[in-house]
Structure formats: C-alpha cells, structure tokens
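> Predicted structure and sequence below. I'll ask about it afterward.
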Amino acid sequence: MTTAVKLYRNPKSGHCHRVELMMSLLDVPYETIDLDMANGAHKAPAYLAISPLGQVPAIDDNGTTLSDSNAILTYLVARYGDDAEWTGTTPVEKAEIQRWLSIAAGEIASGPAAARLVTVFGAGLDHAAAKAKAHALFTVMDAALEGKTFLVGERLTIADVAGYSYIAHAPEGGVRLEGYPNILAWLSRIEAQPKFVAMAKSPVPAGA
C-alpha cells in the first residue's frame with residue numbers, strides 16, 4: 001500500500017514550494033516535513049542519505065528518494081502525470097521547457113531568489129547585483145510572455161511551475177513587479193489553477 005510522498009522542506013524556500021505546487025497540481029498525496037535548518041537538521045546523517053548535498057527540497061516516495069527541485073518535478077510528472085503534456089509533446093516544446101528549467105536553475109536562482117535570500121534569510125550576497133539580474137531577466141520574460149498564456153504555449157508545463165515561486169515572491173527580495181504586466185498576468189493565471197497552493201509569505205522590504 002502506498003502512502004503520501006514525504007516532502008522535506010523549508011516552508012519559505014521557493015525550491016521547496018515548486019515541488020509542493022507540482023504535487024498539488026498532480027493531486028499527489030503528500031506530507032511536509034519542515035527541517036530545522038538553523039540547527040543543522042539538513043546536515044544530519046539520516047537526511048544526507050536522502051539529499052547528499054544537504055539541500056532542500058528532497059522527497060521520499062515510498063522508498064524512492066530524490067533531491068534537486070527540477071529533478072523532482074521531472075520525476076513527479078513522469079510518475080504521476082501525463083509526462084508529455086508537462087514536459088513537451090514536440091522536440092521544440094521539449095527544448096523550450098528545458099531552457100526554462102535551466103533559467104530556473106541559473107538566472108532565477110542568481111537573480112530574484114538570491115535577492116530574497118538576502119532580505120528573508122540574511123544571506124551575505126550582493127543584493128544590488130541580484131536585483132539587477134532579476135530585472136534583466138524580468139525584462140526578457142515579460143517580452144517572452146507577450147501574447148502567450150504560459151511560458152511554452154497555451155498550457156501549463158513544468159517550466160511555469162519551476163519559474164513561479166521565486167518570481168511571485170520577488171518583492172520580498174526588494175524586486176518590484178509592477179513594470180512587468182505580462183509577468184503579473186502569467187502569475188495570476190497560475191494562481192487561478194484549481195489545485196494551486198501558495199507559499200508562505202514574508203514581509204516586503206520598505207520601498208520595494
């Protein structure tokens with residue numbers, strides 16, 4: 001008998017939220033396990049056996065353990081969803097979705113995610129540089145979304161799920177979204193999904 005997927009997370013991590021959102025959209029039963037990372041729970045030997053780099057998120061799906069949020073998204077849609085619908089039905093779609101996954105791991109991580117690490121978690125990163133990277137990315141994304149419903153075509157894919165969390169919460173890192181109407185409309189369309197689940201909010205810095 002299968003049981004709920006265990007999601008090891010920090011509730012304010014966008015990497016964790018994208019996995020939680022994916023499971024909710026796929027209607028996969030799951031339970032969240034919040035790690036006390038301030039006291040090193042993510043470095044405990046038992047957790048390192050699941051996530052060797054000591055990072056969140058990680059999942060335990062009835063004995064199948066995985067870490068890395070984008071890898072987990074790929075696994076979830078292959079295991080529980082219509083894989084082609086989520087990861088691409090043509091070579092071009094597959095390539096475009098992979099490109100956005102790379103952006104999630106690259107420009108999103110070093111831009112809006114890094115800016116938010118400074119304000120929410122007190123990370124010692126270059127806040128101004130991270131905000132500048134975020135705005136450069138958002139300029140490109142806003143143009144890419146012109147006349148489109150989602151990042152790749154007219155349906156939701158893992159590209160949207162991977163991109164949503166840190167972009168929706170970019171103001172918490174001091175990155176305003178008001179100048180990007182297509183991004184704001186895209187975020188609203190994701191939030192309108194029947195099984196959408198939100199991430200815990202953090203305060204928006206003054207002036208953001």
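Cool, the structure landed.
> any idea how far the residue nearest to residue 3 when sequence neighbours are not counted is from residue 88?
The shortest distance from residue 3 to any non-neighbouring residue, by Cβ to Cβ, 6 or more residues apart in numbering, is to residue 62 (6.3 Å). In this view, the C-beta of every residue, glycine as well, is placed from N, C-alpha and C. According to Cβ to Cβ, to the nearest Å, residue 62 and residue 88 sit 27 Å apart.
> Those two: which has the busier surroundings?
Neighbour comparison, residue 62 and residue 88: the larger count goes to residue 88, with 20 against 11 (by other Cβ atoms under 10 Å).
> For the more buried one, give its distance to residue 72.
18 Å.
> ok, and the helix or strand in the chain with the lowest average confidence?
helix 45-48 (a mean of 92; mean pLDDT, DSSP states H and E).
> quick one: buried residues of that helix?
Using 16 or more other Cβ atoms under 10 Å as the test for burial, helix 45-48 gives residue 47.
> ok, residues contacting it?
8, 35, 41, 54, 58 (Cβ atoms under 8 Å, 6 or more residues apart in numbering).
> Contacts for stretch 143-155, please.
85, 88, 93, 96-97, 100, 156-157, 159-160, 163, 182-183, 185-186, 189.
> Out of these, which end up buried?
Here, 16+ other Cβ under 10 Å leaves 88, 93, 96-97, 100, 156-157, 159-160, 163, 182-183, 186 buried among the contacts of stretch 143-155.
> what's the residue nearest to residue 159 when sequence neighbours are not counted in contact with, if anything?
Leaving aside its chain neighbours, residue 159 sits nearest to residue 100 (3.6 Å; criterion: Cβ to Cβ, 6+ apart). Residue 100 makes contacts with 151-152, 159, 162-163, as judged by Cβ under 8 Å, 6+ apart.
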